[in-house]
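Undergrad: Quick one, fold the following:
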Amino acid sequence: MTNRELFFSYLGLPSFNPLGLEIAKAEGIWLYTPDGKAYMDMVSGISVSNTGHRHPKVMAAMRDQMDKYLHLSVYGEMIQTPQTTLAHMLASLLPAPLESVYFVNSGSEAIEGAMKLSKRFTGRREVIAFKNAYHGSTQGALSILGNETLKQAFRPLIPDIRFLEFNNTEDLEQITPSTACVVAETIQAEAGIILPKKEFLRRLREKCTETGALLVIDDVQMGMGRTGKMFSFEHYGIVPDILVLAKALGGGLPLGAFISSKEIMSTLAFHPELGHITTFGGHPLSCAAGLASLRVIVDEKLAAGAEQKGLLFEQALKDHPAVREIRRKGLVLGVELKDPEMRKTFAAKCMESGLITDWFLFSPVTFRIAPPLTITEAEIGECIRRLILALPE
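TA: Sure, this is the predicted structure:
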């Protein structure tokens, strides 16, 4: 059987219409098929490959760690240098009191941990989230996902969940002393890159402080330099009580984390002891890759360069007759098409011209541009040329 036949015969798949593109090698922003055709990855494996595919420094760190050890024991039992060094570097880049890092395997797991931590610390049950927010597919994360279509088939889910309208300051009055936490993205990703209105996040932070609710910021897609700063909340003058990271955190390997103060995080260690446990969380190979990737972002000033690179895309596409609107922060763009019927034709032409694009879950007429932060200006120019050829006149 061919790989394609094996793929459709033996893999559990999340849809009946996968991209189905076989990749033999990846390098930088490029993906290569077995027959040698090259594709430009304009979505970074969905916000994972911020430092590109197989960055040499990340690969070297992985090889070095593989020569030492892989899994040793369940998370949190043994002192492992990749974990401790990465946690220390993250804490050094974050404002106080975000100093205690709990490593897991994915964004969904990090959201689960943040929800449990909020309930444990506050002794409250209610969790507030926002409509059109995406936080993952596990039962807890699905419970706070702000789209009914994706969750109806899996009810009953976790109770005591309330949804507010993003950017609606009046809705924030529903946060009360009964609220354990509010989970929010600074920029709603799967809604099509919805930016926060002036003062919304500041008022959200104030309301959480007033009521004693914890503010959980989901920076899974927008973190690690993507928006022009290392963490997206830095644009808006707020500090969360719990920060959730994943995707690009692992430098291409599975890694997630929820980060809080030592005071808050310590409550997972008693009543009950082992209040949150994971076998493979903070895997030493993933942490070694994540540490190398984080150093690349810092040393090569990739976050600072994201703004100018994103602006090149915006300026080239904003006046195209097929484009209704572009929403952007740093090097992530939501490009909304005027006509929903353009979608299939545009996607097919992108594939023909060697472009990997993607659509947002809750904005099906908006496609994303979020290439690796290492993309060069020459590569941006070539990508723009291909995009313009694919867009209908």
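Undergrad: Could you use CA atoms for every contact and neighbour count after this?
TA: Fine.
Undergrad: number of nearby residues for the residue nearest to Leu274 when sequence neighbours are not counted?
TA: Residue nearest to Leu274 in three dimensions, not counting chain neighbours: Leu268, with 6.7 Å by Cα to Cα, 6 or more residues apart in numbering. Residues near Leu268, counting by other Cα atoms under 10 Å, number 19.
Undergrad: dump the residue contacts of the residue nearest to Gly250 when sequence neighbours are not counted.
TA: Closest residue in space to Gly250, ignoring its immediate chain neighbours: Gly290 at 4.1 Å, by Cα to Cα, 6+ apart. Counting by Cα atoms under 8 Å, 6 or more residues apart in numbering, Gly290 touches Val58, Leu86, Ala248, Leu249, Gly250, Gly251, Gly252, Leu253, Leu255.
Undergrad: Wait, a helix at Gly290?
TA: Yes. Under DSSP: H, G, I helix; E, B strand; the rest coil, Gly290 falls within a helix.
Undergrad: Surely the residue nearest to Leu274 and Leu117 touch.
TA: Yes. Counting by Cα atoms under 8 Å, Leu268 touches Leu117, with 6.7 Å between them.
Undergrad: can you map out the helices along the stretch 1-150 of the chain?
TA: Per DSSP state H, counting those that start in this stretch, the stretch 1-150 of the chain carries helices over the ranges 3-10, 44-47, 56-66, 81-93, 107-122, 139-143.
Undergrad: Redo those as TSV? Include mean neighbour count, distance to Ala24 and mean pLDDT.
TA: Below are the helices of the stretch 1-150 of the chain laid out as TSV (neighbours: other Cα atoms under 10 Å; distance: least, Cα to Cα, whole Å; pLDDT from 0 to 100):
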stretch	mean neighbour count	distance to Ala24	mean pLDDT
helix 3-10	11	11	94
helix 44-47	22	15	97
helix 56-66	17	17	98
helix 81-93	17	29	98
helix 107-122	24	27	98
helix 139-143	22	33	97
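Undergrad: Okay, domains of this structure per the record?
TA: 3-54+301-390, 57-299 (automatic domain parsing).
Undergrad: what ranges do the helices span in the stretch 251-393 of the chain?
TA: Under DSSP H, counting those that start in this stretch, the stretch 251-393 of the chain gives helices at 262-265, 284-299, 302-317, 342-352, 377-390.
Undergrad: Those: lowest mean pLDDT?
TA: For those, the weakest mean pLDDT is recorded on helix 342-352, namely a mean of 93.
Undergrad: Secondary structure element holding the residue most central in space within the chain?
TA: Here the mean C-alpha position of the chain is nearest to the C-alpha of Gln221 (Cα atoms, centre = their mean), at a distance of 2.0 Å. Remark: Gln221 resides in no helix or strand, with elements defined by DSSP states H and E.
Undergrad: which residues does the closest residue to it other than its chain neighbours contact?
TA: Of all residues not flanking Gln221 in the chain, Ser47 sits nearest, at 5.6 Å (Cα to Cα, 6+ apart). Counting by Cα under 8 Å, 6+ apart, Ser47 touches Gln221, Met222, Lys247, Ala248, Ala370.
Undergrad: Identify, from these, the entry nearest to Glu112.
TA: Distance to Glu112 across these (Cα to Cα) is lowest for Lys247, with 15.4 Å.
Undergrad: The residue nearest to the closest one when sequence neighbours are not counted - how many residues pack around it?
TA: Of all residues not flanking Lys247 in the chain, Val48 sits nearest, at 4.5 Å (Cα to Cα, 6+ apart). Residues near Val48, counting by other Cα under 10 Å, number 25.
Undergrad: mind checking pLDDT for Thr33?
TA: At Thr33, pLDDT is 97.
Undergrad: is it true that it touches Glu22?
TA: Yes. If you go by Cα under 8 Å, Thr33 and Glu22 touch, sitting 5.8 Å apart.
Undergrad: hang on, the earlier thing: residues contacting the residue nearest to Leu274?
TA: Leu117, Arg120, Leu274, Gly275, His276.
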